[in-house]
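**Q** Return a 3D structure for these sequence lines:
(chains A and B)
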Amino acid sequence: MTGSWQLIRLILRRDRIILPLWVLILCALPASYAASYAGLFPDDAARRQYAAGTAGSPSFESLLGPIFGDSVGALTAQRVGTLYAIVALISLLTVIRHTRTEEDAGRRELIAATVVGRHAALSAALIVTAAANLLLGLLIAVTPTGSDLAAGGSLLLGLSIAVTGIAFAGVGALAAQLTENAGPARGLAILVLGVAFLLRAAGDPTGSWVSWLSPVAWGQQAQPFAGDKWWVLALPLALFALLAGAAYMLSVRRDVGAGLLPARLGPAGSTRLASPLALAWRLQRGLLIGWSVGLGVAGLALGGTATAAMDALADNPEMADIMARLGGTASLADAFVSGLLGILAIAVSAYGIQAALRMRAEETGLRTEPVLATSVGRVSWALSHVVFAIIGPALALLVLGLTLGISYGAGLGDVGGQIPRVVGAALVQLPAVAVLTGLSVALFGLLPRLSTLAWGALAAFLLLGQVGAILRLDPVVLDLSPYTHTPHLPGGTLTATPVLALSAIAALLILAGLYGFRRRDIG
Amino acid sequence: MSNAIMVSGLHKSFGRTHALNGLNLTVGTGEVHGFLGPNGSGKSTTIRVLLGLLKADAGTARLLGGDPWRDATTLHRRLAYVPGDVTLWPNLSGGEVIDLLGRLRGGLNRQRRADLLERFDLDPRKKGRAYSKGNRQKVGLVAALASDVELLILDEPTSGLDPLMEEVFRDCILEEKRNGRTVLLSSHILAEVEQLCDRVSIIRNGETVETGTLTELRHLSRTSVTADLATPIKDLPDVHDLHIDGSRVRFQVDADHLDAVLKHLSHAGVRGLVSQPPTLEELFKRHYEVAARS
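**A** Take a look at the predicted model:
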């Protein structure tokens, strides 16, 4: 542990902007939800009706989590559902960034040669991440909401989010020890989070035990402002202890730079690698396959949940009555699928950004120079990657549409009819996704040092979608997000104008990026 | 003889840093040209301009008769480049990288590729992440040397190579030279420069300070002389660092004044004389130290 304190200071120095930023932004969310619920439903009756109807509907429970009461606090505790996954994602990425990424870059060696203990790097990353999560939890507990929520419930809500982040810091720590590079480590840890999210989404609408298998579900199972089951917080903490312990064990057993799986030899040469496109395919195919498979699995799982939950509700005469008044089972199920696709479109956009910003990673990794020093032109090099940043998300959406259509159609007993509807609804998300890809390409070409702003834009659009309607923001502000303009399919009407406009914006952004990249310095 | 590279008055700034301040560089076709200068003096920046990776702010650069920025892709078919820090794709094997870069350049000589792999003792099946610094450098060298090109641009290509491999590298460059290829070699290894280069250019703070053959440059430098005289002298004009110790004198003299100074000495009667020609090391140190001071 010697040297951990110095390394903690190093991490705090390097993350001095990003760390306070995410803590401050996220800590304000629960209070803003609570305030808006208090405003929207001033009396108990309105809240009760909302809790029994919309908030208790399977689509809401699947996306956000279970609802355990009809107080403002209980509604808020459900509404913050996505926050658990967001905190988990940030935590695992932070730990990997300060462990395996450092090792990849060779910086860990520089540190390891000084008076620093073998565990110092891992400890420092875990301590900082855990502390940031605890700080977030406490800030959530003390942020004024405008309505007098129980102090105990607020603290439980904050801590339940904090311990979820801490548990996934453990996931990140273990993944970083298992693989030999930061990329696969991130992939593995995000896969774990994805599976956990799916288990929660599948289990919550029916209150099934399946939810208890998911670490992202535990926080809400503590039932802040309802059951107040404090003991549930022990689950994520125990998981963290287990995962971190395993990570420490692995880290002493291996060499610096090595993973658990030995590196294999590759081919002695290649005849296929003969164009920038072939190189881009080699560099992009892992992402493409990973995202397609991941979204395919998500589609199968979520389509099944939708119909299963509908059936369960239809058996309940009271609920069936409410649903009929809300537009009938079929349209509710369609709305569920449409909402689901809207959320998954944001995930697919993350893939688009990742694929486009691969160009920046190549450039800063000095791997672009040797290629551009051959007779490969800048535009053809860039286009080889842009192709994958557009076609990749398109393929991923197609796979998602197919699997979601199959499982959703199977539930309704109408596979043949549902597949084209759902595939179409998935593909109509592509223009908005392409706008984010285009934004990444434009930043890369015109403002390369600010390329990562593309992630900031995605986060801002995600936030707009989450809180925009509740905070009753000006429509002009909501219109900034490309996802606002995507037609709501299936169920809604398809209009050509937004689809064409978004596509045109995406194309213009890509052209601007290529124009900038042709004219700027490399490196 | 035509020139493979002609650069004059090249300027390039990055924000407030002026990397190049009117740099001149001429490399004749078929010559091996040493490109020397302290760290941060602008060698890599010049090379990146020549490769069309950076756009110069002012000045002209001609490469193989074309414009390095405008005609980049066509010119790059005729040259190969090895950076000082070869970075590889972690999941591509060395052999794949060699073939990729060769093909993107327009083809490579299979026989030469096999020869070079053997001479450099390189296992092409290892993945990029598994190579050591020296072996990554070998991947870059094999990819460049196996191509049939007119011009090799090498930016400190032997950094990280062991002495045996450095020897192999020098043999390869001498072969390239016999085959009439032009080489621009940026290097800090003086023995390498002395053995390989026909002409050298020394740059400092983005400006060329010396250029010429090694003999010419030596001429510009000072000879150190120690003499034992019959009659002690009090002073000696036109010399540097004069030390008089009884009948013994020690000093350094510029080549231009050597003749006059020797005449002066012979008047005093020379009993013994040791003169040392300037070493390359002294020559470079003089330029490098001035750079460090400024």
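
**Q** contacts and neighbour counts: CA atoms only from here.
**A** Will do.

**Q** quick one, what contacts B:L229?
**A** Residues in contact with B:L229, defined by CA atoms under 8 Å, 6 or more residues apart in numbering or on different chains, are B:247-249, B:265, B:268-272.

**Q** give me that answer again for 6 Å
**A** For B:L229, the contact set (CA atoms under 6 Å, 6 or more residues apart in numbering or on different chains) comprises B:247, B:269-271.

**Q** Next, count neighbours for the closest residue to it other than its chain neighbours.
**A** Leaving aside its chain neighbours, B:L229 sits nearest to B:V270 (4.7 Å; criterion: CA to CA, 6 or more residues apart in numbering or on different chains). For B:V270, the count of nearby residues is 15 (other CA atoms under 10 Å in any protein chain shown).

**Q** A:G286 now?
**A** Look at A:G286: counted by other CA under 10 Å, it has 14 neighbours.

**Q** Chain B contacts on the stretch 151-300 of chain A?
**A** When proximity is defined as CA under 6 Å from any CA of the partner chain, the stretch 151-300 of chain A approaches chain B at A:265-270, A:273-274.

**Q** buried subset of these?
**A** Neighbour counting over these (16 or more other CA atoms under 10 Å in any protein chain shown) leaves A:266, A:268-269, A:273-274 as the buried ones.

**Q** for the chain, which spans come out with low pLDDT?
**A** Just going to use chain A. Along chain A, the model assigns pLDDT under 70 to residues A:1, A:59, A:255-263, A:307-331, A:469-471.

**Q** ah, I was thinking of chain B
**A** For chain B (pLDDT under 70), the answer is B:1, B:219-220, B:290-294.

**Q** Which parts of it are helices?
**A** Under the criterion DSSP state H, chain B contains helices at B:43-50, B:72-76, B:94-105, B:110-119, B:133-145, B:163-178, B:190-196, B:214-220, B:258-268, B:280-293.

**Q** Reformat the ones you listed into TSV and put distance to A:S32 and mean neighbour count next to each item.
**A** Formatted as TSV, the helices of chain B follow (distance: least, CA to CA, whole Å; neighbours: other CA atoms under 10 Å in any protein chain shown):
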stretch	distance to A:S32	mean neighbour count
helix B:43-50	52	22
helix B:72-76	55	22
helix B:94-105	53	26
helix B:110-119	65	15
helix B:133-145	53	24
helix B:163-178	66	16
helix B:190-196	68	16
helix B:214-220	75	15
helix B:258-268	87	14
helix B:280-293	59	14
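
**Q** Now render these as JSON lines, adding distance to chain A.
**A** Output for the helices of chain B, formatted as JSON lines (distance: least, CA to the nearest CA, whole Å):
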{"stretch": "helix B:43-50", "distance to chain A": "9"}
{"stretch": "helix B:72-76", "distance to chain A": "4"}
{"stretch": "helix B:94-105", "distance to chain A": "4"}
{"stretch": "helix B:110-119", "distance to chain A": "11"}
{"stretch": "helix B:133-145", "distance to chain A": "9"}
{"stretch": "helix B:163-178", "distance to chain A": "19"}
{"stretch": "helix B:190-196", "distance to chain A": "24"}
{"stretch": "helix B:214-220", "distance to chain A": "30"}
{"stretch": "helix B:258-268", "distance to chain A": "48"}
{"stretch": "helix B:280-293", "distance to chain A": "26"}
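
**Q** can the ones you listed go into a markdown table with extra columns for distance to A:G445?
**A** Conversion of the helices of chain B to a markdown table gives the following (distance: least, CA to CA, whole Å):
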| stretch | distance to A:G445 |
| --- | --- |
| helix B:43-50 | 18 |
| helix B:72-76 | 18 |
| helix B:94-105 | 23 |
| helix B:110-119 | 36 |
| helix B:133-145 | 27 |
| helix B:163-178 | 38 |
| helix B:190-196 | 39 |
| helix B:214-220 | 44 |
| helix B:258-268 | 59 |
| helix B:280-293 | 36 |
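
**Q** can you tell me which of those helices comes nearest to A:L300?
**A** For A:L300, the closest of those is helix B:94-105, at 38.0 Å, according to CA to CA.

**Q** Return the residues of chain A in contact with chain B.
**A** So far as CA under 6 Å from any CA goes, chain A lies against chain B at A:265-270, A:273-274, A:374-377, A:521-522.

**Q** Take the residues you listed and keep only those in strands.
**A** The members of the residues of chain A next to chain B all map outside strands under DSSP state E.

**Q** What is the most widely separated pair among those?
**A** Across those, the longest distance by CA to CA is 35.6 Å; it joins A:L265 and A:D521.

**Q** A:A38 and A:L447: what is the separation?
**A** Separation of A:A38 from A:L447 (CA to CA, to the nearest Å) stands at 43 Å.

**Q** who has more neighbours, the two?
**A** Using other CA under 10 Å, the more surrounded residue of A:A38 and A:L447 is A:A38, with 20 against 17.

**Q** how close does the residue nearest to B:L229 get to chain A?
**A** Going from B:V270 to chain A by CA to the nearest CA, to the nearest Å gives 58 Å.

**Q** what does B:M6 give?
**A** Distance of B:M6 to chain A, computed by CA to the nearest CA: 18 Å.

**Q** and the residue nearest to that residue when sequence neighbours are not counted, how many neighbours does it have?
**A** In space, and not counting its chain neighbours, B:M6 is closest to B:T26: 4.6 Å by CA to CA, 6+ apart. B:T26 has 19 neighbouring residues, counting by other CA under 10 Å.

**Q** Then A:A176?
**A** By other CA under 10 Å, neighbour count at A:A176 equals 32.

**Q** Report the secondary structure state of it.
**A** Following DSSP: H, G, I helix; E, B strand; the rest coil, A:A176 is assigned to helix.

**Q** Check which helix or strand A:Y84 maps to.
**A** Assigning secondary structure by DSSP states H and E places A:Y84 in helix A:81-98.

**Q** before we move on, back to that, show only the entries of the buried ones among the residues of the stretch 151-300 of chain A next to chain B found in helices.
**A** Under the assignment DSSP H, those contribute nothing to helices.
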